[in-house]
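Visitor: Structure of the sequence below:
(chains A, B, C and D)
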4 protein chains.
Amino acid sequence: MLFLTGPLVNTPLTGIFPPLVTPLTDRDTLEVAGLERLTEHVLAGGVHGLFLLGTTGEGPSLSQRLKAEVVERGCRLVAGRLPVMVGVTDPSFADALALAGRAADAGADAVVIAPPYYLPLAQSELAGYVERFAAASPLPVLLYHIPSLTGVGFEPETIRRLLNMSKVVGLKDSGRDMTYQHTVRAIVANRPDFSLLVGPEELLAEAVLLGAHGGMCGGANMAPRLYVDLYDAVRAGDLARVRLLHERVVRISDAIYSVGSSGSSYFVSLKCALGLLGLCDDLPAEPYTRFTRAERETVRSRLCQVGLLNA
Amino acid sequence: MLFLTGPLVNTPLTGIFPPLVTPLTDRDTLEVAGLERLTEHVLAGGVHGLFLLGTTGEGPSLSQRLKAEVVERGCRLVAGRLPVMVGVTDPSFADALALAGRAADAGADAVVIAPPYYLPLAQSELAGYVERFAAASPLPVLLYHIPSLTGVGFEPETIRRLLNMSKVVGLKDSGRDMTYQHTVRAIVANRPDFSLLVGPEELLAEAVLLGAHGGMCGGANMAPRLYVDLYDAVRAGDLARVRLLHERVVRISDAIYSVGSSGSSYFVSLKCALGLLGLCDDLPAEPYTRFTRAERETVRSRLCQVGLLNA
Amino acid sequence: MLFLTGPLVNTPLTGIFPPLVTPLTDRDTLEVAGLERLTEHVLAGGVHGLFLLGTTGEGPSLSQRLKAEVVERGCRLVAGRLPVMVGVTDPSFADALALAGRAADAGADAVVIAPPYYLPLAQSELAGYVERFAAASPLPVLLYHIPSLTGVGFEPETIRRLLNMSKVVGLKDSGRDMTYQHTVRAIVANRPDFSLLVGPEELLAEAVLLGAHGGMCGGANMAPRLYVDLYDAVRAGDLARVRLLHERVVRISDAIYSVGSSGSSYFVSLKCALGLLGLCDDLPAEPYTRFTRAERETVRSRLCQVGLLNA
Amino acid sequence: MLFLTGPLVNTPLTGIFPPLVTPLTDRDTLEVAGLERLTEHVLAGGVHGLFLLGTTGEGPSLSQRLKAEVVERGCRLVAGRLPVMVGVTDPSFADALALAGRAADAGADAVVIAPPYYLPLAQSELAGYVERFAAASPLPVLLYHIPSLTGVGFEPETIRRLLNMSKVVGLKDSGRDMTYQHTVRAIVANRPDFSLLVGPEELLAEAVLLGAHGGMCGGANMAPRLYVDLYDAVRAGDLARVRLLHERVVRISDAIYSVGSSGSSYFVSLKCALGLLGLCDDLPAEPYTRFTRAERETVRSRLCQVGLLNA
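Guide: This next block holds a predicted model:
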């Protein structure tokens, strides 16, 4: 736990935080060696921290037991080298809080919480829920705005209200609407410790160019250095390089995540690519299943096209 | 477990199955006495079975531990007098299956499963998921169609595919679109053991009039006899009485469930009414909170207006 | 204009009102002979009135000029034998009102108006819009609730407000949510002249069983007698016959409207069926196009299966 | 018509194109003097062209007659000084094409067409529709992607198909999802004459930073110079100035467009502001109505706060 008295309280988290994929060997079995390889891979790429059990990590699809295992092993692997954030989103308050406790015990630095999906929720109810959760949480809390999956997101006025809690230390914006993010950034400007991180990697360049603190880029599981380089180029104000690297990010995204034919393509193709890159097993969590051989070959040839794999 | 070799295999479940409210005294504490009072109340009303941990029971909002407790105590209370169905919907396959195991051990008769909400899901993925779940489940499985909360529902072609599994024994249709239900009923007609139950109580009359087998009526927590009477009137073909009782059902729904100002009003107002009726605590599960005093007084006066409470 | 001082003012419209298909020979050319054949076909089937330029009539897709021609020729063909309603829904108030004027001049009995789609609209704005429109309209006004196409529908409180205008004489409910319709029916109960008509033909039986006044059934373009018979069976309380005819309605709908692969299938397959039945040209309005030969043969064989065409 | 043999064919439209507000004195009456003042105001601000009858111009809410008048007067006022684009979006193909003819006759340079809203539309149907429209149109065609209002937008594969038509010369992206825009930009890269313009002004900076050609900024009706300056700063690669001006754009947007309480607030507050700035009447088109006095005072004080009006 680097940050309770450190950066997370006084300065925002900045940089690239890969939402780590959760390697599996079976429906409810962690691929321990894969987790280790993947973790060392992204750390070697220069990332600034890790996000465990996010959407990319298929967190909500995992059992309570498996989530706890991911947190404990993940924190042990990182061993304090970098900050670790843990997604604790759950429709159950008690189970989300229990996971936050496991995260604190394991040495994580913060938890990330989305609205409790499933039941409908008004903004005032959402605000109250987060206030109660943050008050009870042993770790600082980042908000997770992803209305496409949770039905409801954090409206600007809700964020304004939650800023009153010093334990609420950031927002992961996966809403894909940058007009929302610009409005939110204006609101959080008076909380210099508040971290604004962008979800979709295709928006990393513009988000950081206009004031966000970094991004949680799923593609950083495959190619961590690319996103770190892009982040650095933005910070350096090197617009030509930003455009070049941004185009590469978009090319990877368009090439890989479009394989398969449904809403699952991002998750399954990313795991498939990680398997082809030798980083971990390609088994997705239920309810998804592995790609067919033909789909895997498509991913392989696309990885070659975008230069992530040698033909 | 009345039904594995009994009605659930050979004949459909028919009648009124209240989706039982889960009484709480605290965020993660079951009100045991309230559960007992409520269970005896609905059984005394003549209902045909119980549905534990449904949406009305705030199932997805409860901790894994509390869900298991509800199942075990609920089944013990019913003690085989009537069939018990258990909602096991969970984004995690393993946790849903574990709860199905607890339900089987406790003596429940069937489980009810909705699509694993949160991550996006194609119909073919949903079908495969349910096939794997049903194959592993120790109990027969009913499908839970509630796309407003799960994002995706069971399209007719998916139901057609799942009919091939004898362990898939029914559908709870909470989709509010009766054109869907009519299409589904035509599809399931060649599975005489398949049970088609309707979710919203306001649709009970027409659903059963046109061929559904019964309903899971939240209002039956308050007034079980009313829904049983309506069901009986439909079965008897007494149209004048059907219209009279149906209007009463709609009047109760419009009066009570509209108190409060957000998507939570159904849940919070129903618990508030049960509290006022002396049946159980009115504490809703997180992320909801109790009504204010003013809202509670509104519910009280509405209960009087519709004849459920004496002024 | 039968009704300004007649039934439309004092008693509600009741029965089957086919939303008449608009036969075309070209993008902007009415098939006059087809319109005549189709009109006489549905009148011979015993329907209780006509609805011109509804959604089924592809009204919003037609030019202002063509809409006026449909109204004028349609009213002339009916020649006062039955009430005629005209859909005037348009994003432009002035053009909608101008069409209402053409309808009045042609002898129509009422206009039907949906929310001005395209721009977002709050309920209070919708209510004000309809009040201004109804005040200016030369004919009585029915509301058209079809939120799937207009984005916003008529919430119950908006209907309550609009009931204060005697010129607002009915609602066509195409929202597919019967819980909404039951709530609305309770609200309009104190306006005995107010007509509640249901849109989707698959909901005709239950709507009228529980108190609606009739339906606007697209299938009545093909088989008007079937829907009239179903309506009569409901009015007679003959439940066995209701179920039989209702199942036939659902079978036709499932068989025919599912041909083709997109949101247009209802419109294109219905016109295709009318072409195969020899009633009118099968050319849909832009942006739709005729079925391929293979799709047309599928419609032909489905029409035989459901008994609407001899093999 | 500057561009049929000029820039629109060989080079893309670049810069700031205000979607001009349509001043009204009555429901169906153009405020001619207001249109003149507003046009000269934005031209004096250095904009690069005009977009008449867009969403901001309330185009779909205006009568066919009034639309023609706006086009004719607008083109006469501009008098060839700058390119003029005309929104011709209409559910009716014939009426949209007729307006394109009026635009060509008046000397406009291109038309902008969104999917024909109201009826549901598959992508292949949309592509065919635009192909037929572009083939018949006397002017080059820009696509208008605004799925929040039209229900369906232009999916990347549809754009890929439409690029085969040289008459399709651009896309206005009002979808608010920059990941979409990045994918589209990669697709249109091999059509150097194709213009990619962004809709929401809050996204102007990032869109142009990463390769878009300009924007259609509603706020440019009030403060055209600001958006031109921001565009110039981006082109100059002056990041510090970009951030400064971008923040000003966001501040204006958050302050002004949030007045009022519904989906109409953008339209009504913008017209209110233009009224307070003395540029034109503040009467919105039906179904909207003028702000109350209190709301107008709020807009006035907000205009002062953001420096657009002297207190």
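Visitor: residue in the stretch 151-300 of chain A nearest to chain C?
Guide: Going by CB to the nearest CB, chain C is nearest to A:Ser261 of the stretch 151-300 of chain A, at 14.7 Å. Just so you know, the C-beta spots here come from the backbone N, C-alpha and C atoms, and that holds for glycine as well.
Visitor: And for that residue, the neighbour number?
Guide: 10 (other CB atoms under 10 Å in any protein chain shown).
Visitor: From chain D, how far off is it?
Guide: 13 Å (CB to the nearest CB, to the nearest Å).
Visitor: One more: A:Pro200?
Guide: A:Pro200 is 5 Å from chain D, by CB to the nearest CB.
Visitor: show me the contacts for the residue of the stretch 151-300 of chain A closest to chain C.
Guide: Residues in contact with A:Ser261 (CB atoms under 8 Å, 6 or more residues apart in numbering or on different chains) are B:Ala122.
Visitor: hmm, the helix or strand encompassing A:Ala127 touching chain B?
Guide: Assessed by DSSP states H and E, A:Ala127 sits inside helix A:123-136. Yes. Under the criterion of CB under 8 Å from any CB of the partner chain, chain B is reached by helix A:123-136 at A:Ser124, A:Glu125, A:Leu126, A:Gly128, A:Tyr129, A:Arg132.
Visitor: which residues touch the fourth one?
Guide: Residues near A:Gly128 by CB under 8 Å, 6+ apart: B:Pro287, B:Thr289.
Visitor: Try it again at 6 Å.
Guide: A:Gly128 makes no contacts at all, as judged by CB atoms under 6 Å, 6 or more residues apart in numbering or on different chains.
Visitor: So what's the residue count around A:Gly263?
Guide: What A:Gly263 shows, counting by other CB under 10 Å, is a neighbour count of 16.
Visitor: what does A:Ile113 give?
Guide: With neighbours defined by other CB under 10 Å, the count for A:Ile113 comes to 26.
Visitor: Could you do A:Ala108 as well?
Guide: 27.
Visitor: cool, A:Arg248 as well?
Guide: Counted with other CB under 10 Å, residues neighbouring A:Arg248 total 17.
Visitor: Now do whichever strand or helix holds it: distance to the chain's middle.
Guide: In this assignment (DSSP H and E), A:Arg248 forms part of helix A:239-256. Distance, stretch centre to chain centre, for helix A:239-256: 19 Å (CA atoms, centre = their mean, to the nearest Å).
Visitor: next one: phi and psi at A:Leu50?
Guide: phi -130, psi 150 (degrees, to the nearest 10).
Visitor: Okay, buried residues for the helix holding A:Ala127 please.
Guide: Judged by neighbour count (16 or more other CB atoms under 10 Å in any protein chain shown), helix A:123-136 contains these buried residues: A:Gln123, A:Glu125, A:Leu126, A:Ala127, A:Gly128, A:Tyr129, A:Val130, A:Glu131, A:Arg132, A:Phe133, A:Ala134.
Visitor: so how far is that helix from its chain's centroid?
Guide: Worked out by CA atoms, centre = their mean, helix A:123-136 lies 21 Å from the chain centre.
Visitor: One more: stretch A:257-268?
Guide: Taking mean C-alpha positions (CA atoms, centre = their mean), stretch A:257-268 and its chain are 18 Å apart.
Visitor: export it as CSV, just CAs?
Guide: What follows is stretch A:257-268, C-alpha atoms only, in CSV (Å, rounded to 0.1, in the frame of the first residue of the first chain):
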residue,chain,number,x,y,z
TYR,A,257,-10.8,-6.2,-31.6
SER,A,258,-13.1,-6.5,-34.7
VAL,A,259,-12.5,-10.3,-35.0
GLY,A,260,-15.5,-12.3,-34.0
SER,A,261,-19.0,-11.2,-34.6
SER,A,262,-20.5,-10.0,-31.4
GLY,A,263,-20.2,-7.8,-28.3
SER,A,264,-17.6,-10.2,-27.0
SER,A,265,-15.1,-9.6,-29.7
TYR,A,266,-12.9,-7.2,-27.7
PHE,A,267,-12.6,-9.6,-24.8
VAL,A,268,-12.1,-12.8,-26.8
